[in-house]
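Peer 1: Below is the sequence, then the predicted model.
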Amino acid sequence: MTKCNEIVSIQFIKGEDEKDIPEIRVFRNLDGKKGHVIYKFSGPKTITINNLDSIQKMYLIDKEGEISTRKIDISISDNNIKEVKSTYNWKSESEFYRFMRFAQRYAKSISYH
């Protein structure tokens with residue numbers, strides 16, 4: 001958590017924070033209004049072969065509320081979760097700035113671990 005004890009988390013299952021810290025790549029169109037971010041988890045802790053069917057969204061949670069996406073790609077090898085990629089798209093400047101506020105809070109929260 002951050003110094004100010006803000007709740008900031010990424011969840012695939014409501015109530016269970018994902019502990020694997022993802023690689024994050026942000027792509028923004030030249031007009032600045034649309035874009036997407038890709039989260040790549042190399043060793044997700046909350047997603048298993050047994051609960052794959054219950055994974056519906058990736059939730060980005062902070063003090064402002066929740067952002068979510070259904071775009072989740074899961075790679076499986078030898079009956080194990082190899083990698084999870086999730087993409088969040090935004091379609092306006094306000095959605096971009098909302099995402100960036102979450103991203104800044106999340107970056108702060110993982111720097112204290």
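Peer 2: Noted; the coordinates are in hand. Numbering: from 1, shown residues only.
Peer 1: how about the strands of this structure, start to end?
Peer 2: Along the chain, counting by DSSP state E, strands occupy 9-13, 16-17, 23-28, 35-41, 58-62, 65-69, 72-77, 80-90.
Peer 1: Now distance to residue 107 and mean pLDDT too, for these, in TSV please.
Peer 2: Quick note: C-beta positions are derived from backbone N, CA and C, even for glycine. As requested, the strands of the chain are exported to TSV (distance: least, C-beta to C-beta, whole Å; pLDDT from 0 to 100):
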stretch	distance to residue 107	mean pLDDT
strand 9-13	12	97
strand 16-17	15	96
strand 23-28	9	96
strand 35-41	13	97
strand 58-62	12	98
strand 65-69	15	97
strand 72-77	22	94
strand 80-90	15	95
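Peer 1: Mean neighbour count, those: which tops it?
Peer 2: strand 58-62 (a mean of 21; mean count of other C-beta atoms under 10 Å).
Peer 1: ok, and what's touching that one?
Peer 2: Strand 58-62 is contacted by residues 6-12, 14, 39, 66-69, 72, 86, 88, 99, 101-102, 105-106 when judged by C-beta atoms under 8 Å, 6 or more residues apart in numbering.
Peer 1: sorry, back to before: looking at the strands of the chain, which is nearest to residue 111?
Peer 2: strand 23-28 (13.7 Å; C-beta to C-beta).
Peer 1: Now render the strands of the chain as JSON lines, adding distance to residue 52.
Peer 2: Formatted as JSON lines, the strands of the chain follow (distance: least, C-beta to C-beta, whole Å):
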{"stretch": "strand 9-13", "distance to residue 52": "10"}
{"stretch": "strand 16-17", "distance to residue 52": "14"}
{"stretch": "strand 23-28", "distance to residue 52": "22"}
{"stretch": "strand 35-41", "distance to residue 52": "14"}
{"stretch": "strand 58-62", "distance to residue 52": "14"}
{"stretch": "strand 65-69", "distance to residue 52": "17"}
{"stretch": "strand 72-77", "distance to residue 52": "7"}
{"stretch": "strand 80-90", "distance to residue 52": "8"}
